[in-house]
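*Asks:* Below: sequence and its predicted model.
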Protein chains: 4
Amino acid sequence: MVRVGICGVTGYAGYEALRWLTRHRAVSVVFATSEAQAGKSLAEVYPGPLDIVLTSVEDAPFDQVDVVLLALPHGAAAKVAVRALAAGAKVVDFSADFRLDTPDRYATWYGHAHDFPEMLPVPYGMPERNRSAIRSARLVAAPGCYPTSVILGTMPLFDAGVVTDGTIIVDAKSGISGAGRAAKINTLFGETHDTVTPYNIGHIHRHVGEMEQELAKHSRGISPTVLFHPHLVPVVRGMLSAIYVRVAPTLSEDDIRALYLARYADEPFVRVLPAGTLAAMAHTTNTNMCGLSVTLTQPGWLTIMSSIDNLAKGAATQAIQCMNLMCGLDETEGLQ
Amino acid sequence: MVRVGICGVTGYAGYEALRWLTRHRAVSVVFATSEAQAGKSLAEVYPGPLDIVLTSVEDAPFDQVDVVLLALPHGAAAKVAVRALAAGAKVVDFSADFRLDTPDRYATWYGHAHDFPEMLPVPYGMPERNRSAIRSARLVAAPGCYPTSVILGTMPLFDAGVVTDGTIIVDAKSGISGAGRAAKINTLFGETHDTVTPYNIGHIHRHVGEMEQELAKHSRGISPTVLFHPHLVPVVRGMLSAIYVRVAPTLSEDDIRALYLARYADEPFVRVLPAGTLAAMAHTTNTNMCGLSVTLTQPGWLTIMSSIDNLAKGAATQAIQCMNLMCGLDETEGLQ
Amino acid sequence: MVRVGICGVTGYAGYEALRWLTRHRAVSVVFATSEAQAGKSLAEVYPGPLDIVLTSVEDAPFDQVDVVLLALPHGAAAKVAVRALAAGAKVVDFSADFRLDTPDRYATWYGHAHDFPEMLPVPYGMPERNRSAIRSARLVAAPGCYPTSVILGTMPLFDAGVVTDGTIIVDAKSGISGAGRAAKINTLFGETHDTVTPYNIGHIHRHVGEMEQELAKHSRGISPTVLFHPHLVPVVRGMLSAIYVRVAPTLSEDDIRALYLARYADEPFVRVLPAGTLAAMAHTTNTNMCGLSVTLTQPGWLTIMSSIDNLAKGAATQAIQCMNLMCGLDETEGLQ
Amino acid sequence: MVRVGICGVTGYAGYEALRWLTRHRAVSVVFATSEAQAGKSLAEVYPGPLDIVLTSVEDAPFDQVDVVLLALPHGAAAKVAVRALAAGAKVVDFSADFRLDTPDRYATWYGHAHDFPEMLPVPYGMPERNRSAIRSARLVAAPGCYPTSVILGTMPLFDAGVVTDGTIIVDAKSGISGAGRAAKINTLFGETHDTVTPYNIGHIHRHVGEMEQELAKHSRGISPTVLFHPHLVPVVRGMLSAIYVRVAPTLSEDDIRALYLARYADEPFVRVLPAGTLAAMAHTTNTNMCGLSVTLTQPGWLTIMSSIDNLAKGAATQAIQCMNLMCGLDETEGLQ
């Protein structure tokens, strides 16, 4: 059995990780941390099906686990990752602390210097792109939810060199769990129900740096610019990104779908929908799947719908998928 | 034109009051306060249809208005009421500060001494019960949302002396706006959507003191005890109370409905539904109405469904109804 | 008093029209029709605050009203409009039957010949664009909800000649009431809650014909093509369209906002938000407002957020706004 | 491997059953039926993670499976059960066709004669009550969702003989999936969102017959009467029943909780919450758990909150729990 520790289990993504690991046959969860609730049992705090005694990060026995899933806030995560690695554990970090390849890029998007610049770059935890690097890594940066939907949604196009304008428009709709479990007025029920709220539109959201960095690795001569328009919609979990891309006008919709089908033919967690079916948010809720549809709306104008569960493929289950690879387990174990 | 000031306009109930007053033909809103946002315009804070420059309570010109609607937290309200009254304004207080008739009762339910015991009692602002007292009052205590639904829902029974057991059970479902606009984890979207959450069940919720005090004025020899079971349901606004009462077993459902129809025959804002129709939450949303249905489930066992909008009849519009009475206006003005 | 009849009052838009007319000081509602419920009272069918005896269209006294609001399905509406006009009433039609200017265009988008081709064209009921034509019209075609949001959201750009590419991308989010009150599996609660569902994406949705026809009247040499991507989101009412337009790269965001502010300076129901504030769906719910924000995401790339209430400005209240103009009333009467 | 067939997989409960069986290690799903969609693949109809070729009941190979899960409408189910049994398969029926013990009782509650009166009674599929009867049965009647929550919630009281009044009041809140996937106006999103709707209150709902029949088996001399008040709340799945019971006034809350803890000590899927914690709907969503809290609101007045997932413990997973028992599998297999 692979021994696992979870840091930040009372946040949405950490709790989700524990929920999936409970069904995973090849792991045992050794500890789970919560700063605010240390000493209590999880079922006492959230009386659902899950239970484990909560500890503080300070007291967590990093030397007694094989791998740590870090569901901590940005900034806090890196320090804990260093401790866990030093204790001999492998680490999958859910935060943004290790997603950007260079200290400069980090400083540009996060507004301050990276605490551990010498640790960069770290393998980006998207198995569909760099499975072998993840397999051999001791530290993996699990991707952000928005970048997961956008990168999986456009990578085949960039790889094939059929994108004709590097500026792509993304209109993304996210469940409100993406904003975390902190007490804030703007994520109260009364502020978010019965409405759709755009935020951080343009070239502002921190996930843009991550998307552009990773897509650039696939673009052939075209420098990708992502004009990103996230919206909060009144669902707890789920994400649907509509991605608007200019492509070579000679391509048919079938041509493009064939690119996607070929690219993801062997991927257990990406599903390219047949002609006439559009990816919707609910298709992937509570799964590690990414659902994709491609629609040519006019010659040269392509719309991709990319659906994931922001807490699952966009956070916890993609991290578990990485963990499986890092620990030599079947990549799909616990994720069906 | 009656000149009105609103204190606490950035809370849900205060904002609701301003929304209705905007359509009211006989008032002009002179000021609106917000401690956190003083100096800004309301539309800047909430870019909806309403706008007014926000001031602090400290700077509010109480001497330039005829009436003040106080949508402030419990405790804070009483002090401001005193100031407003001293400045010559009439006051409708949305808080619980003046709802209980005696300092003792206040201390029992709120856990500390009342700041202005000599001001008690104050007319309870439910026009269907004490219209004339409201008309001549300078200070009125607007009822709580739960008490409004329960008192309107049972008063005809107590008045008629047909209740055979003073212990009544209330199972109430409230929209989440009832918990206010403060940043709290337990009213985040992620905590309240897709669930129903009971809280404060039994004889604990502070509104119980108010219900029992007022119902006792209608009971004939029977001392009412309210076993109260509030639940949060995933709607922003609205309230539905199911009220379970033992009645004389000789009464038919039609007999009981006749009591209600007679009692509320002249009330513009109470509607007793015909046999076969159950009051639902949506029937009264965005109105000052109370919708009532009575169902005899077995001889002697009565179920009343009482529907109000917690922010309207349960707060802002019932306060405006009182204001209309206190200012000599048509009671229904601005409330249709 | 202007005498009004409403056809189709048990649909969402017809009911909404009655709701607003109840507060309108200058009209009286003479009749309301419902084919399925004729003979009953409205409050019997929907026990909310509204009530009126329901009649069938067949029995409706068109000769006793000054104006008829037609909230009937496409196809059915035109025939009733003809009857109402013949009886001497003016008509505001909520359906698509008279929105397209030519029989050919109608046949292209609706797939069959128009029943009354000689009646086309009819003034398009968007007062911000053709107020005087509406004033003198006997029959007005109230715009579709999506076209209202898109046309108000882009008209200033086309008028100013600053659009550099006629192909614009619209990503629209609509409340589910837009799909009507017919019994269909795909609009059940269980199918639409907790998800976002795109549909009819590309150049397919019938509202595209209406948008392109009307925008062409504003474009200066550029033929507009709307790539339209509607989504159902889990709210009952409300609409937010994100509109992606290429503009002259020399323009600043302030330049563009100035165009909008100038264009809508005298419009009571369009609000252009200040820099830094994004239009959200809730800003306009339950109002006749259109809320607009403009954001330059990169030089030459503009994002407009356009918010309306699909049942209000997108249907019933825009129709009432037209009715006010047609009947010589204050345009804003009953709509504040 | 146990070979399973599912009838009615495109309904909510049948789909839920397939979802859980996909994770079950000891079964293989051989066929799944859908009358409306026979011949298509499930993923074509609902493009989520599940897929299987759909067949009609007519063509289903009942002789090639060990057990059939019947998620068919009442009335239709019994006929198919007979066919499946004749083909040698065991059957767990989700419908009400075999829940009532006698033809008379069935006729009373369902309004017509039972088609197969000689087959009654059938073991009631609630393992917490009659595990051994289920183990040896070839046909089991899976309980209704409401009865599951009410029977598990009150059985320990009746068993212990502490109930002093056989008339108990239930105020139940159900997710809308409970009303099924048929096209009906009253379960449209627009009719059910933003509201709470009571229905069938009193002694009317068909599940009452089932509750009273089963509770009578536990009552000691007291004949139980259930005054049942179901409400639709705007969640897709989940159920919370508040149960109001009179008990011996000498009992403390701890006494009563001890009864529950003792009764369910060995039950893997019932959780009795500690003092101070109330069962909420979300505690059991997506699980086979029943969560119970007991609160003494006054001496002699007890409130039980009983939480289940209406599609899981209230339908599909309780049926799988029965299937596990009937097939000699670990009772908890596939249900964690």
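*Replies:* Sure thing, it's come through.

*Asks:* which residues touch A:D159?
*Replies:* A:218, A:220, A:263 (Cβ atoms under 8 Å, 6 or more residues apart in numbering or on different chains). C-betas here are computed from N, CA, C, even on glycine.

*Asks:* Now a ChimeraX select for only the buried ones of these.
*Replies:* In ChimeraX, a selection of the buried entries from these looks like this (16 or more other Cβ atoms under 10 Å in any protein chain shown):
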select /A:218,263
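
*Asks:* Out of the contacts of A:D159, which is nearest to chain D?
*Replies:* Of all the contacts of A:D159, A:R263 has the smallest distance to chain D: 19.0 Å, by Cβ to the nearest Cβ.

*Asks:* Present the contacts of A:D159 as a markdown table; the columns should include pLDDT and distance to chain B.
*Replies:* Shown next, in a markdown table, are these (pLDDT from 0 to 100; distance: Cβ to the nearest Cβ, whole Å):
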| residue | pLDDT | distance to chain B |
| --- | --- | --- |
| A:H218 | 92 | 34 |
| A:R220 | 80 | 41 |
| A:R263 | 98 | 34 |
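
*Asks:* Name the single longest helix found in chain A.
*Replies:* The longest helix of chain A (DSSP state H) is helix A:145-160.

*Asks:* From the chain's centroid, how far away is that one?
*Replies:* Mean-position distance between helix A:145-160 and its chain equals 12 Å (Cα atoms, centre = their mean, to the nearest Å).

*Asks:* What's the first helix or strand after it?
*Replies:* For helix A:145-160, the succeeding helix or strand toward the C-terminus, using DSSP states H and E, is strand A:167-174.

*Asks:* which parts of the stretch 151-300 of chain A sit against chain B?
*Replies:* Taking Cβ under 8 Å from any Cβ of the partner chain as the contact definition, the stretch 151-300 of chain A meets chain B at A:176-177, A:181-185, A:187-194, A:234-236.

*Asks:* Tell me which of those residues fall in strands.
*Replies:* In strands, defined here by DSSP state E, there are no members of those.

*Asks:* Now list the buried members of those.
*Replies:* Neighbour counting with 16+ other Cβ under 10 Å marks A:176-177, A:181, A:187-194, A:234-236 as buried within those.

*Asks:* Sketch out the low-pLDDT regions of the stretch 151-300 of chain A for me.
*Replies:* Along the stretch 151-300 of chain A, no part satisfies pLDDT under 70.

*Asks:* just the helices in it please.
*Replies:* A:189-192, A:207-216, A:253-263 (DSSP state H, counting those that start in this stretch).

*Asks:* what angle separates the last one from helix A:145-160?
*Replies:* Here helix A:253-263 points in a direction 110 degrees away from that of helix A:145-160 (axes from the mean of the first three to the mean of the last three Cα atoms, to 10 degrees).

*Asks:* before we move on, what about the second one?
*Replies:* Between helix A:207-216 and helix A:145-160, the angle comes out at 20 degrees (the same axes, to 10 degrees).

*Asks:* For helix A:207-216, list every residue counted as buried.
*Replies:* Those would be A:207-215, for helix A:207-216 by 16+ other Cβ under 10 Å.

*Asks:* what about it, distance to the chain center?
*Replies:* Relative to the mean C-alpha coordinate of its chain, helix A:207-216 is positioned 13 Å out (Cα atoms, centre = their mean).

*Asks:* Report whether that helix contacts chain C.
*Replies:* No. Figure legend: helix A:207-216 not in contact with chain C (Cβ under 8 Å from any Cβ); closest approach 10.5 Å.

*Asks:* Identify the residues contacting that helix?
*Replies:* Here helix A:207-216 has contacts from A:96, A:99-101, A:105, A:108-109, A:124, A:126, A:129, A:143-147, A:150-151, A:154-155, A:158, A:223-226, A:228, using Cβ under 8 Å, 6+ apart.

*Asks:* at 7 Å instead, please
*Replies:* A:99-101, A:105, A:108-109, A:124, A:144, A:146-147, A:150-151, A:154, A:158, A:223-226, A:228 (Cβ atoms under 7 Å, 6 or more residues apart in numbering or on different chains).

*Asks:* Selecting buried members of those residues in PyMOL, what would you type?
*Replies:* Those of those that count as buried under 16+ other Cβ under 10 Å are selected in PyMOL with:
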select buried, chain A and resi 99+100+101+105+109+124+144+146+147+150+151+154+158+224+225+226+228
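
*Asks:* ok, which of the contacts of helix A:207-216 also contact chain C?
*Replies:* Among those, the residues within reach of chain C (Cβ under 7 Å from any Cβ of the partner chain) are A:T225.

*Asks:* shaky segments in the stretch 1-150 of chain A?
*Replies:* Within the stretch 1-150 of chain A, not a single segment meets pLDDT under 70.

*Asks:* So which residues on it come close to chain B?
*Replies:* Contact residues (Cβ under 7 Å from any Cβ) of the stretch 1-150 of chain A with chain B: A:Y12.

*Asks:* Where do the strands of the stretch 1-150 of chain A begin and end?
*Replies:* Applying DSSP state E, counting those that start in this stretch to the stretch 1-150 of chain A gives strands spanning A:2-7, A:27-33, A:54-55, A:67-70, A:90-93, A:139-141.

*Asks:* Output the set of residues of chain A in proximity to chain C.
*Replies:* Residues of chain A that fall close to chain C, judged by Cβ under 7 Å from any Cβ: A:167, A:169, A:171, A:173, A:194-199, A:201-203, A:225, A:227, A:229, A:233-235, A:238, A:240, A:242, A:244, A:278, A:280-282, A:285, A:295, A:297-298, A:301, A:303, A:305.

*Asks:* Give the PyMOL command for selecting the buried subset of those.
*Replies:* What follows is the PyMOL syntax for the buried subset of these, where burial is set by 16+ other Cβ under 10 Å:
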select buried, chain A and resi 167+169+171+173+194+195+196+197+198+201+202+225+227+229+233+234+235+238+240+242+244+278+280+281+282+285+295+297+301+303+305
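
*Asks:* Touching, A:A312 and A:T285? I think so.
*Replies:* No. Assessed by Cβ atoms under 7 Å, A:A312 is found out of contact with A:T285, at 8.1 Å.

*Asks:* Show me the common contact partners of the two, please.
*Replies:* Joint contacts of A:A312 and A:T285 (Cβ under 7 Å, 6+ apart) do not exist.

*Asks:* Using PDB, write out the CA atom coordinates for stretch A:278-288.
*Replies:* Extracted in PDB, the C-alpha atoms of stretch A:278-288 (Å, rounded to 0.1, in the frame of the first residue of the first chain):
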ATOM      1  CA  LEU A 278     -21.700  19.500 -27.500                       C
ATOM      2  CA  ALA A 279     -19.700  19.100 -24.300                       C
ATOM      3  CA  ALA A 280     -21.800  20.200 -21.300                       C
ATOM      4  CA  MET A 281     -20.700  20.800 -17.800                       C
ATOM      5  CA  ALA A 282     -22.600  17.900 -16.300                       C
ATOM      6  CA  HIS A 283     -21.000  15.300 -18.600                       C
ATOM      7  CA  THR A 284     -17.900  15.200 -16.400                       C
ATOM      8  CA  THR A 285     -19.100  16.100 -13.000                       C
ATOM      9  CA  ASN A 286     -17.700  13.800 -10.300                       C
ATOM     10  CA  THR A 287     -15.300  12.300 -12.800                       C
ATOM     11  CA  ASN A 288     -11.700  12.600 -13.800                       C
END
